[in-house]
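**Student:** this one's structure only:
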């Protein structure tokens, strides 16, 4: 009998300890708030406790004392007003003059560390999870980034100085140029600035100065100069600053921009405005050294194929063994035959090309690559829509024939992977609109007939879906 009473007392003590611990945890989740300005303790620091649960921050207490000392308040001349009674204030304030503490933000897990940069094959393996195809481009960019950040990590340890490995990326629209660089910067966890060359002009003209490229990188690095000096700058639409054919007018957004970017690409100390795109008297300036900044330029170069054809067709002269003029008209990856001579004829100046030693091309997307892009990457378009419908507890499936029909429509648009999203948005509109109306829908299957507007999707009700799951079919 005594053992039973002892056990009951022990259990009661454990329950009391558990309740006390929960009360302590509950109190730790909340923080005091100033009674006058309503700011929490995490913003104002330590506060003065007046009793009865009333807390006042040091700023409000100082303002109150200054007001009284300056004689702005005369309690004797104010009828019906006496010294403040804390007991009266107790009825005016809520029972808990506290706010819940904000949870600290979890720092994102870094995939790579600059000081411990992985081998090129590991970088390419990580890019393979997000980018479909373009094996040659991923191999080139992995080696270039690996060598660049080894150069940054080692610095100038001896008299052998390693030059920068800036890159020029050429590929048709929608082939994944920007997406490749975005994925790379996210994996490396380095600051990335993406800018369009179309907005850049010569200094003194309307438009962004060339230094604005570095300003965007500095903003991406939270104005940390050391962090920005190890970042990546991706300049898109670089083909739009080619030399203009008309030489009668000043070319402020073409050859002049190329000339102004020479020092940036090579490495120089540049004064850039902090938090603005242009310099003026009201904006502070800081100095950024571009020596360790990796520059990646990309462009579609739409007229470059004609330049390549013109060069290749020079070999076809008269005679029985002469090539036809339209021999290269249906060449799928004609850009892979590009040379520096072609780029110069396109309008890029030799000094600019000389500072981009690594030049590579991206392949045009085929039907098979578009089908893989739809379903294989980690953040594939189909997975995004499946997640949206999963929030409504509805399964979304696509037949293989439906995926091929989507890829065929995208090939007709000739805008690369960008066409996939537009096509899916078109036929998913009615589904996303109608599904929330009926709670009995359990699964939607997209078919080729629905893509081709000759039929509808296959709808499966929840009851049938549960029977299938029970039977294992």
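**Tutor:** Alright, I've got the coordinates. Since we're looking at a predicted model, the values are computed, not measured.
**Student:** For residue 154, give me its contacts.
**Tutor:** residue 162 (Cβ atoms under 8 Å, 6 or more residues apart in numbering). For glycine as for every other residue, the C-beta is placed from the backbone atoms N, C-alpha and C.
**Student:** contacting residues around the residue sitting nearest the centre point of the chain?
**Tutor:** Within the chain, one residue has its C-alpha closest to the average C-alpha position: by Cα atoms, centre = their mean, that is residue 182, at 6.3 Å. With contacts defined as Cβ under 8 Å, 6+ apart, residue 182 is in contact with 192, 194.
**Student:** Got phi/psi on it?
**Tutor:** phi -60, psi -40 (degrees, to the nearest 10).
**Student:** So what touches stretch 215-226?
**Tutor:** Contacts for stretch 215-226 (Cβ under 8 Å, 6+ apart): 191-195, 227-228, 231, 233, 272-277, 286-288, 293.
**Student:** Tell me the buried residues in it?
**Tutor:** Buried residues in stretch 215-226, defined by neighbour count with 16 or more other Cβ atoms under 10 Å: 215-221.
**Student:** Stretch 288-301 too?
**Tutor:** 288, 290, 292-301.
**Student:** Repeat that for stretch 358-369.
**Tutor:** For stretch 358-369, burial by neighbour count (16+ other Cβ under 10 Å) applies to 358-365, 369.
**Student:** Point out the least confident one among the residues you listed.
**Tutor:** When the buried residues of stretch 358-369 are compared by pLDDT, residue 364 scores lowest at 84.
**Student:** List the contacts of the closest residue to that residue other than its chain neighbours.
**Tutor:** Spatial nearest neighbour of residue 364, chain neighbours left out: residue 172 (5.1 Å); criterion: Cβ to Cβ, 6 or more residues apart in numbering. Residues near residue 172 by Cβ under 8 Å, 6+ apart: 300, 335, 362, 364, 416.
**Student:** what separates the second one from residue 173, distance-wise?
**Tutor:** In this case it means residue 335. Applying Cβ to Cβ, to the nearest Å, the value for residue 335 to residue 173 is 12 Å.
**Student:** Please say which of those two ends up with more neighbours.
**Tutor:** residue 335 (21 against 15; other Cβ atoms under 10 Å).
**Student:** Would you double-check that the more buried one falls in a strand?
**Tutor:** No - judged by DSSP: H, G, I helix; E, B strand; the rest coil, residue 335 forms no part of a strand; its state is helix.
**Student:** hey, where'd the strands end up in the stretch 351-473 of the chain?
**Tutor:** Using DSSP state E, counting those that start in this stretch, the strands found in the stretch 351-473 of the chain span residues 358-361, 395-398, 441-446, 458-461.
**Student:** Contacts for the first one, please.
**Tutor:** So that's strand 358-361. In contact with strand 358-361 (Cβ under 8 Å, 6+ apart) are residues 136-137, 140-141, 144, 165-171, 333, 335-336, 338, 340, 343, 353.
**Student:** Only whichever of these are buried, select them in PyMOL.
**Tutor:** This is how PyMOL selects the buried members of these, with burial counted by 16+ other Cβ under 10 Å:
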select buried, resi 137+140+141+144+165+166+167+168+169+170+171+335+336+338+343
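**Student:** Okay, buried residues for stretch 261-278 please.
**Tutor:** So stretch 261-278, judged by 16+ other Cβ under 10 Å, has buried residues 261, 264-267, 270, 272-273, 277.
**Student:** who's in contact with that stretch?
**Tutor:** With Cβ under 8 Å, 6+ apart, stretch 261-278 has contacts from 164, 166, 208-215, 218-219, 223, 279-280, 283-292, 295, 351-352, 355-356.
**Student:** Take these and keep only those in helices.
**Tutor:** 212-215, 218-219, 351-352 (DSSP state H).
**Student:** just the strands in the stretch 151-300 of the chain please.
**Tutor:** With DSSP E, counting those that start in this stretch as the criterion, the stretch 151-300 of the chain has strands spanning 167-170, 192-196, 232-236, 269-273, 285-289, 294-299.
**Student:** Out of these, which gets nearest to residue 44?
**Tutor:** Closest to residue 44 of the strands of the stretch 151-300 of the chain, according to Cβ to Cβ: strand 285-289, at 31.1 Å.
**Student:** average model confidence for that closest one?
**Tutor:** For strand 285-289, the mean confidence score works out to 86.
**Student:** For it, which helices and strands make contact with it?
**Tutor:** Packing partners of strand 285-289 (3 or more Cβ pairs under 8 Å, 6 or more residues apart in numbering; DSSP states H and E): helix 212-220, helix 225-228, strand 269-273.
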